[in-house]
Structure formats: structure tokens, C-alpha cells
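*Asks:* I would like to see how this sequence folds:
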Amino acid sequence: MKKAYLILFFVSALTQAFSQRISKDFNADWKFYLGDDSTLRYEIKDLQKLQEVQLPHDWSILGDFSEKHPTTSQQGALPAGMGWYAKTFDVPVSQKGQKIYIEFDGVYRNATVYVNGKKIGFWPYGYTSYRYDLSDDLKYGQQNYIAVRVDNSEQPSSRWYTGSGIYRNVRLVSTNPIAVDHWGTFVRSEKITKKSANVLLDVSLRNDAPVAEKAKVVSAIIDASGKMVAQAVNYLNLDNSLKTTTQKFKVSQPQLWSPEHPYLYTVKTQVFIGAKQVDAYDTPLGIRSFSFDAKKGFFFNGQPMKILGVCMHHDLGAIGAVVNESAIKRQLRILKEMGTNAIRISHNPPSTEFLKACDEMGFLVMDEAFDMWRKKKNKFDYHQEFDEWHERDLKAMVLRDRNHPSIFMWSVGNEIREQFDESGTKIIKQLVDIVKKYDPTRPVTTAMTEMEADKNFIAKANNMDIYGFNYKHKLYPTLPGAFPGKSFLATETASALETRGVYVQPQDTVQLWPATSKNKYMENLNGNWTVTAYDNVAAYWGTTHEESWLAVKNKPYMAGLFVWSGFDYLGEPHPFNYPARSSYYGIVDLAGFPKDVYYMYQSEWTNKPVLHLLPHWNWKEGQKVDVWTYYNQADEVELFVNGVSQGVKRKSQNEAHVSWPVVYKAGEIKAVSRKNGKVVLSKVIKTTGAANQLHLTAEENSIKADGKDLAFVTISVLDKQGLAVPDAMNNVYLSVEGGAEIVGVDNGYQANLQSFQAHHINLYNGKALVILKANKSGKATLKASAPGLQTATFNIDLTK
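*Replies:* Residues are numbered from 1 along each chain as shown. Take a look at the predicted model:
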């Protein structure tokens with residue numbers, strides 16, 4: 001019998017299917033109007049006033065920076081407002097009788113959907129995915145019209161850049177009336193050993209047909225090579241309600257999913273009515289286990305693991321909030337190289353594309369729902385919708401995301417103000433109950449700030465699995481006594497401030513900018529809205545990267561940390577106001593160029609040999625300069641200035657770097673790390689000459705000509721000896737020949753007010769970024785020029 005089922009599974013794709021699931025990309029050929037025009041609900045009367053756009057689309061990122069925008073610099077100093085999207089589409093007569101849905105992955109915000117003039121639905125939260133049933137409102141065999149009104153006019157609505165519009169993907173999905181429900185599977189594994197693992201799969205079927213039916217559900221677990229390793233068959237009697245069946249599998253000698261080895265299976269489910277297949281549905285599967293111990297910390301697949309995480313907002317720099325797999329994977333590659341094994345999504349549900357990339361690349365993810373509950377942080381934020389919508393939004397997040405093996409925790413809030421009064425006790429119970437209803441397998445937390453047990457009403461509810469705390473690292477030793485038996489995680493740390501390539505001398509004291517909460521903004525001390533890249537400046541509530549990491553490193557009861565933040569992001573430019581328009585918190589700048597502290601984490605979080613030397617060596621003769629190194633896998637580092645030793649330094653247990661105060665003299669500095677007297681690594685930085693020529697390098701030599709794949713090209717300047725000039729600020733002009741086009745430029749400078757869509761960009765401290773895409777296969781050439789410098793070109797292949 002088992003053999004018969006096996007044959008059935010693999011030949012069913014060759015048999016005639018009956019109204020199977022079809023998911024169609026619905027991103028193309030939209031018309032967009034910036035503003036409000038109620039006539040667009042019914043039709044497009046004036047085609048001239050609309051522009052053609054392809055989704056995903058973020059109209060805010062296309063605007064100009066201005067301090068007059070009501071979003072303020074806290075949301076990136078970019079415009080918001082209102083907009084309409086509209087398109088026509090056909091649905092064939094053959095699909096009449098099927099179920100037709102439109103699926104939105106994310107619209108920011110207050111999205112009202114109309115089909116053929118009828119209001120289909122409204123959803124306020126800009127980060128939730130949802131779908132609408134269009135089956136009864138379509139004209140089959142005729143042209144249909146859809147319009148989406150997006151209202152992001154009430155500002156301020158957030159503490160960071162949100163983007164505006166249909167910024168995630170849209171699909172048109174058709175299914176048989178009998179089909180797997182929306183997000184209708186739930187897979188989990190248990191009793192995992194080297195020999196075997198038990199896998200459970202819940203499959204929820206809906207029957208919108210007029211008669212009851214008996215369904216056969218056939219599911220198979222397929223490994224990464226395409227081989228079937230387990231199968232289950234269940235039968236289910238379906239009336240006109242939602243029914244769920246649980247399938248059980250045993251996988252022999254399972255390949256475990258982990259950050260080091262992110263092995264993925266796929267569970268392929270087929271639904272049959274009689275001999276006809278009516279639906280097919282895929283579910284990702286990563287077999288893994290994890291646990292928390294109040295004294296020993298975090299364990300993954302039975303082994304101790306420190307959670308080495310960063311917090312990430314959803315914007316992707318120069319392309320804004322628009323979801324793009326290439327840009328997401330680039331960010332994750334950079335973080336992976338640093339040693340990051342976990343991401344905290346801050347402070348809203350992420351895109352599905354982000355989670356899929358984390359599944360594939362090996363990151364643990366804390367999935368977070370809300371930045372506030374009933375008590376506001378901004379006048380027009382989610383507190384307005386919380387009472388009416390929180391259950392729907394939280395349910396959608398958990399149902400959509402629970403099959404991703406990367407997700408290991410749920411967070412239902414960030415720095416929630418209800419933690420300080422009794423309302424927090426009631427609300428946290430409601431939220432945890434919602435999560436556990438749809439996923440009882442993962443722990444739930446909230447990122448809190450109050451570490452005194454008698455003052456924290458969220459903690460008093462005693463129904464969270466893990467206690468997450470932000471900042472206040474000096475109070476970590478008090479936590480086990482304040483909350484006995486609980487496991488702890490530093491859900492947000494650091495808030496250190498840096499601008500890439502800026503080095504203010506001296507750096508021998510830690511500074512808080514501003515020093516207290518009484519001062520909202522910092523004076524422009526450096527004259528150019530910058531903060532030194534030495535790790536010695538932080539927001540008043542935080543501390544340096546080094547101190548925040550060392551506060552967690554050797555405390556086993558602290559399961560790990562999430563550093564604020566992995567990348568700079570648009571908005572929240574603390575400690576400054578406009579013209580600063582993006583954050584200073586990132587370990588990596590907005591353009592994707594690592595700051596020096598990146599290498600501190602790399603030296604602490606990876607097993608690869610690291611020796612990073614800073615700063616550059618272009619100073620004034622006789623100037624006093626502090627020289628730092630981050631290193632690992634060595635006992636000591638010796639510094640040389642023009643061949644003269646400046647001494648040998650060793651890190652203490654309470655240090656992650658060593659430094660030397662030296663007097664500048666043009667030439668070179670050299671650092672040599674040694675272990676047991678033998679050289680491990682050496683690093684040299686030389687004084688450079690004047691800028692002579694532009695230089696282009698890319699992370700990829702070819703991209704797909706699909707309008708989605710991106711190439712990231714770095715612009716730098718070399719002197720006559722071919723050395724990169726670290727303080728170059730040249731204005732570079734860009735042009736492209738062939739089938740590619742520029743979609744974004746950036747230089748990582750937090751107060752740069754040049755448009756992200758410009759075809760020129762000022763270098764900032766020697767670097768800038770150009771982002772390319774293509775819609776036509778062939779070849780393309782990017783040309784960069786600047787007055788007085790040799791031109792540079794870069795050739796790229798554009799593949800089908």
C-alpha cells in the first residue's frame with residue numbers, strides 16, 4: 001500500500017488536475033496617482049495624470065528630503081501623503097466557480113481595496129499580510145478594474161521610516177472551492193535524534209462547494225536533493241466548514257537545520273476528491289530543536305549557543321521600503337560575515353522574502369508584532385487601531401510565519417508603556433494567549449525596559465516564556481534575583497553612535513550624546529552632523545558596542561543579545577535633527593559599508609582570524625592620533641609607525657580592542673598579531689597621495705534581466721599608487737549604456753540630502769554605492785566620471 005501511495009504522489013502531476021491552485025504575480029502594469037481622487041474607485045478618467053509603476057512601490061523614497069515634511073527627520077524627512085493604485089485585468093470564463101483571491105503582503109498604510117467599484121476591504125496596519133475573496137465580485141470573460149487607496153497622510157505615524165504605498169508583493173490566486181486554507185498548514189518536529197525525527201503537519205481544508213465531500217490528503221517530505229524521505233495519507237470528511245487533519249511522519253537520519261547548516265526540506269501536500277487532484281501546497285521544513293535554561297542560557301540542537309543578534313528595521317537603504325530579495329540577501333550576507341546568527345525584527349512583522357532568506361542562509365529570527373499597544377508613542381501610530389485590530393494582526397503574523405524554521409521566538413511588543421501600570425498585566429495575557437492558540441511550540445517575549453520586578457506589570461503577569469530587556473546592562477546581575485527561574489535575553493543593546501570614516505581625536509573617554517533625556521537633540525559639535533567612528537559615543541540610554549557585548553559575553557544566564565542596530569536605517573537620526581535623516585546606530589552604514597566596529601564583532605563572534613587596524617593614515621604632521629586594533633586568535637598585537645615599534649598590547653578580559661596614542665608622521669602604520677611568538681596576521685595602512693582615478697567594483701558580475709535582481713557597485717578613488725583615498729569627497733557623475741538602469745545611489749552619510757534616484761553622488765570618506773537593475777538581457781556598462789579624475793567603467797552581464 002505504501003508503494004502505491006508513493007507512485008500516486010509522483011505521477012499525480014502528470015494526471016489531469018481539476019481547478020488546482022494558481023498563484024499569479026500581480027505586480028505589473030499598475031497606474032499610480034499621488035494624491036486623493038475618489039473617482040479612481042470606479043475608473044481611470046484621465047490617464048495623463050497617472051504614472052505607470054511596477055510593484056512593489058514606495059512613493060516616499062522617490063521624493064525630496066525636506067524639514068517641512070510632517071514626517072520630520074524622525075521618519076527620514078521624506079514625504080508621505082495619499083496615493084491611488086489602479087489597474088485592469090481579465091479573468092477567463094473557465095475560472096468561474098473557482099475561488100479567486102487577491103493577496104497583499106504589505107501596504108503602508110490604511111489600504112482600502114475596490115474591485116469594479118465595490119469596496120472589498122480595508123486594513124490599517126501597514127505591516128500585515130492579508131487576502132480578500134474576489135470570487136463573487138469579478139466579471140468572468142470581461143475586463144475587471146481594481147483600485148487601492150493608500151492613506152499615509154496622518155503624521156507622525158512612526159518613530160522610523162515606514163515608506164508609503166504597496167511596498168510588498170501582490171498576487172492573484174485561484175483555487176478549487178475545496179483547498180488548503182490561507183496559511184493553512186502548520187509543521188513542527190519533535191523527538192529529534194541522530195537516528196530519526198518525528199514530524200507533525202496540520203493541514204486545514206476549507207470547503208466552499210455546495211456539497212459535502214471526502215478528501216484525501218497526501219503529503220510527502222522531500223529533501224534538498226528532491227528525494228522523498230517520508231509520506232503520510234489522511235482522509236477528511238468536509239462539510240461547509242474549516243476542517244483540520246494532523247499528519248505524522250518519521251524522518252530517518254534527519255539533516256538538522258542550524259545557522260551553520262541551514263538544511264531545508266519541503267513538505268508537499270496534495271488534496272484529492274476521488275481521483276482528481278484539487279490542490280497542491282508546499283510548506284518549508286527545518287528540523288531543529290532549541291531550549292532555554294535559566295542558569296545556562298540557550299541551547300540549539302542540544303548544544304549551547306550564544307544568541308549573537310542584531311536588530312533590523314525593514315527599509316533597504318536607497319530603495320526604501322520596497323521589498324527586494326537581492327537587497328535583503330546582501331544585508332544578510334554582510335551580517336553573516338560579521339558572525340551574526342540571529343535577527344530581531346524591529347518592531348513589526350517582516351516581509352516573507354526576508355524570512356525565506358533567513359531560512360536559507362541560517363539566521364534565527366525573533367518575529368515582533370508591535371511597537372506600542374494602547375499607549376501612543378506618536379499621535380497617529382498604531383495605538384489608534386490596537387483595540388480593534390490587534391487580534392487580527394497578531395493572528396495573521398503567527399499563521400503566516402510559523403512554518404519558517406528561522407523563527408525561534410515571538411515578541412508581542414517593544415518598550416511598551418503599559419509595563420508601568422496594571423493595564424499591562426491584562427493585555428500581555430491576551431496577546432500571549434493569541435500567539436499560543438496558533439503556535440504553542442515557540443516561546444513568547446516582550447522587549448521591556450523596567451528591571452525592577454515590583455514596577456513591571458507586564459512581567460507580573462508571569463505568562464511570558466522569556467524575559468527580554470532593553471539596555472541597562474549594569475542591572476543584568478540583578479535579574480536572576482528579581483525574576484527567579486526565568487530565562488533572560490538582552491533584546492536590545494548598545495545604541496552606540498558612529499559615522500563611517502570619521503575619527504575625532506582624542507577618543508579616550510566615553511561620551512553620551514545628549515548626556516540626558518532633558519536635551520532632545522545634540523549640538524552639531526563636529527560641524528558636519530557626524531559622530532566619531534571610534535566606539536566611544538552612545539545615546540544617553542545606551543553604551544558602547546564593546547561594553548554592551550562584554551556585559552553579556554560571560555554571563556551564562558543571559559542567553560544572548562540583539563545589538564541596536566545591524567544597519568543604519570532611514571529616520572531616527574539621534575543625536576541630531578535635520579539635516580540628519582538616517583540613523584547613526586548601525587554597525588554597517590546605510591549604503592552597506594561596514595563601520596570599524598563591525599570588526600570588533602567579527603573578532604568576537606567568528607572563528608576566522610581577524611586583525612583590523614584604524615584609523616586611516618592621512619593626518620597633519622605632528623597631530624596626536626589614537627590607533628586601535630580589533631583582533632582575535634592571537635595573544636598580542638604590536639604597532640609600528642614607519643617601522644618604529646610603538647609597543648606590544650594585550651587585551652584584558654574586560655576589553656575587545658587595544659590602542660596606542662601616537663604622533664602622526666606620513667608613511668605607514670603596521671599592526672602585527674602574534675600567538676606564542678608566531679605571526680598570525682599583519683595589516684598595513686599607508687598615507688595616500690592625491691585622488692587620481694575613479695574605481696568601480698561590484699559584488700556580482702551578472703544579474704538577471706527581470707527588473708528585480710540588483711547589482712551593487714562600489715565607487716572609490718585611487719591615488720597614483722593605486723591606494724584607496726580614505727577621505728575623498730568627490731562628486732561623481734554616472735551613466736549607463738545597455739539594458740541596465742540606475743535605481744539608487746547612496747554614500748552612507750547620515751546628513752546627505754542628495755536624491756537616492758540621482759545620477760550623481762558625492763563620495764563620502766572615499767566610498768559611494770550605485771544600485772543597478774535590468775529589464776533587457778545582454779550587456780551594460782556603468783561609467784563614472786568626476787572633474788580632474790580618470791574615468792572608470794564597469795561591465796555587467798544581463799542574463800535571461
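
*Asks:* low-scoring stretches of the stretch 451-600 of the chain, by residue?
*Replies:* Counting by pLDDT under 70, not a single residue of the stretch 451-600 of the chain qualifies.

*Asks:* all strands of it, in order?
*Replies:* Under the criterion DSSP state E, counting those that start in this stretch, the stretch 451-600 of the chain contains strands at 466-470, 487-494, 511-512, 537-538, 558-564.

*Asks:* which of those strands sits most buried?
*Replies:* strand 487-494 (a mean of 27; mean count of other Cβ atoms under 10 Å). Heads up, the C-betas are built off the backbone N, CA and C, glycines and all.

*Asks:* Show me what it is packed up against.
*Replies:* On a contact count with 3 or more Cβ pairs under 8 Å, 6 or more residues apart in numbering; DSSP states H and E, strand 487-494 meets strand 444-448, strand 466-470, helix 545-553, strand 558-564.

*Asks:* quick check: angle from the last one to strand 487-494?
*Replies:* Read it as strand 558-564. Interaxial angle of strand 558-564 relative to strand 487-494 (axes from the mean of the first three to the mean of the last three Cα atoms, to 10 degrees): 20 degrees.

*Asks:* Please apply the same query to the second one.
*Replies:* Angle of strand 466-470 versus strand 487-494, following the same axes, to 10 degrees, is 20 degrees.

*Asks:* before we move on, what about the longest one?
*Replies:* Following the same axes, to 10 degrees, one obtains 180 degrees for the angle between helix 545-553 and strand 487-494.

*Asks:* re earlier: could I get the helices and strands packed on strand 487-494 in CSV, plus columns for distance to residue 111?
*Replies:* Formatted as CSV, the entries for the helices and strands packed on strand 487-494 read as follows, by distance: least, Cβ to Cβ, whole Å:
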stretch, distance to residue 111
strand 444-448, 27
strand 466-470, 31
helix 545-553, 38
strand 558-564, 30
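
*Asks:* bridging residues for residue 284?
*Replies:* Beta-bridge partners for residue 284, by DSSP bridges, are residue 266.

*Asks:* Residue 670 now?
*Replies:* residue 640, residue 684.

*Asks:* I'd like to know how many residues surround it.
*Replies:* 19 (other Cβ atoms under 10 Å).

*Asks:* Surely it touches residue 681?
*Replies:* No. Taking Cβ atoms under 8 Å as the contact criterion, residue 670 and residue 681 are not neighbours in contact, 11.1 Å apart.

*Asks:* Let's verify residue 69: helix, strand, or coil?
*Replies:* Applying DSSP: H, G, I helix; E, B strand; the rest coil to residue 69 yields a three-state assignment of coil.

*Asks:* Could you do residue 128 as well?
*Replies:* Per three-state DSSP, residue 128 ends up coil.

*Asks:* Please give me every residue in contact with residue 403.
*Replies:* With contacts defined as Cβ atoms under 8 Å, 6 or more residues apart in numbering, the neighbours of residue 403 are 185, 186, 187, 283, 284, 285.

*Asks:* Tell me the spacing between residue 350 and residue 368.
*Replies:* Shown here: residue 350 relative to residue 368, a distance of 9 Å by Cβ to Cβ, to the nearest Å.

*Asks:* related to what we said a few turns ago, do you know which of the helices and strands packed on strand 487-494 lies nearest residue 791?
*Replies:* If you check each of the helices and strands packed on strand 487-494 against residue 791 by Cβ to Cβ, helix 545-553 wins as the nearest, at 38.8 Å.

*Asks:* gap between the closest one and the chain center?
*Replies:* Taking the mean of its C-alpha atoms, helix 545-553 sits 23 Å from the chain's own mean (Cα atoms, centre = their mean, to the nearest Å).

*Asks:* other SSEs contacting it?
*Replies:* For helix 545-553, the contact count by 3+ Cβ pairs under 8 Å, 6+ apart identifies strand 487-494, strand 558-564, helix 598-605 as packing neighbours.

*Asks:* nearest to residue 251, of the ones you listed?
*Replies:* Set against residue 251 and scored by Cβ to Cβ, the helices and strands packed on helix 545-553 come closest in strand 558-564, at 28.0 Å.

*Asks:* So what touches that closest one?
*Replies:* Counting contacts by Cβ under 8 Å, 6+ apart, the residues outside strand 558-564 that touch it are 292, 297-298, 305-311, 342-344, 346, 366, 466, 476, 487-495, 542, 545, 548-549, 552, 585, 587, 601.

*Asks:* now do 6 Å
*Replies:* When contacts are defined by Cβ atoms under 6 Å, 6 or more residues apart in numbering, strand 558-564 is touched by residues 292, 297-298, 306-307, 309-311, 344, 488-495, 552, 585.

*Asks:* Partner strands of that strand, with direction?
*Replies:* Partners of strand 558-564 in its sheet, by DSSP bridges: strand 307-312 (parallel), strand 487-494 (parallel).

*Asks:* So which residues of the stretch 301-450 of the chain form helices?
*Replies:* Assigned helices in the stretch 301-450 of the chain, in chain order: 325-338, 352-361, 386-401, 423-438 (criterion: DSSP state H, counting those that start in this stretch).

*Asks:* Let's have those in a markdown table, adding mean pLDDT, mean neighbour count and distance to residue 647.
*Replies:* Converted to a markdown table, those look like this (pLDDT from 0 to 100; neighbours: other Cβ atoms under 10 Å; distance: least, Cβ to Cβ, whole Å):
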| stretch | mean pLDDT | mean neighbour count | distance to residue 647 |
| --- | --- | --- | --- |
| helix 325-338 | 99 | 19 | 29 |
| helix 352-361 | 99 | 20 | 41 |
| helix 386-401 | 99 | 19 | 52 |
| helix 423-438 | 98 | 19 | 54 |
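
*Asks:* What are the buried residues along stretch 447-456?
*Replies:* 447, 448, 449, 450, 451, 456 (16 or more other Cβ atoms under 10 Å).

*Asks:* For the fourth one, which residues are in contact?
*Replies:* By that I understand residue 450. Residue 450 makes contact with 419, 456, according to Cβ under 6 Å, 6+ apart.

*Asks:* ok, now the second one?
*Replies:* Residues in contact with residue 448, defined by Cβ under 6 Å, 6+ apart, are 419, 469.

*Asks:* bridging residues for it?
*Replies:* In this entry, residue 448 is beta-bridged to residue 469, by DSSP bridges.

*Asks:* How much space separates it from residue 461?
*Replies:* For residue 448, the distance to residue 461 equals 11 Å [Cβ to Cβ].

*Asks:* Same question for the fourth one.
*Replies:* Taken as Cβ to Cβ, the spacing of residue 450 relative to residue 461 amounts to 13 Å.

*Asks:* which regions of this protein lie under the pLDDT threshold?
*Replies:* Judged against pLDDT under 70, the low-scoring parts of the chain cover residues 1-19.

*Asks:* Outline the domain layout of it.
*Replies:* Domains of the chain are assigned by automatic domain parsing as 22-175, 177-285, 291-605, 611-686, 693-799.

*Asks:* and among those domains, the most buried is which?
*Replies:* Scoring the domains of the chain by how many neighbours each averages, mean count of other Cβ under 10 Å, gives domain 291-605 as the top one, at a mean of 20.

*Asks:* Please name the nearest non-neighbouring residue to residue 180.
*Replies:* For residue 180, the nearest residue in space outside its immediate sequence neighbours is residue 281; the separation is 4.2 Å by Cβ to Cβ, 6 or more residues apart in numbering.

*Asks:* Secondary structure class of the one you found, three-state.
*Replies:* Residue 281 falls in the strand class when you classify it by three-state DSSP.

*Asks:* isn't it right next to residue 182, touching?
*Replies:* No. Assessed by Cβ atoms under 6 Å, residue 281 is found out of contact with residue 182, at 10.5 Å.
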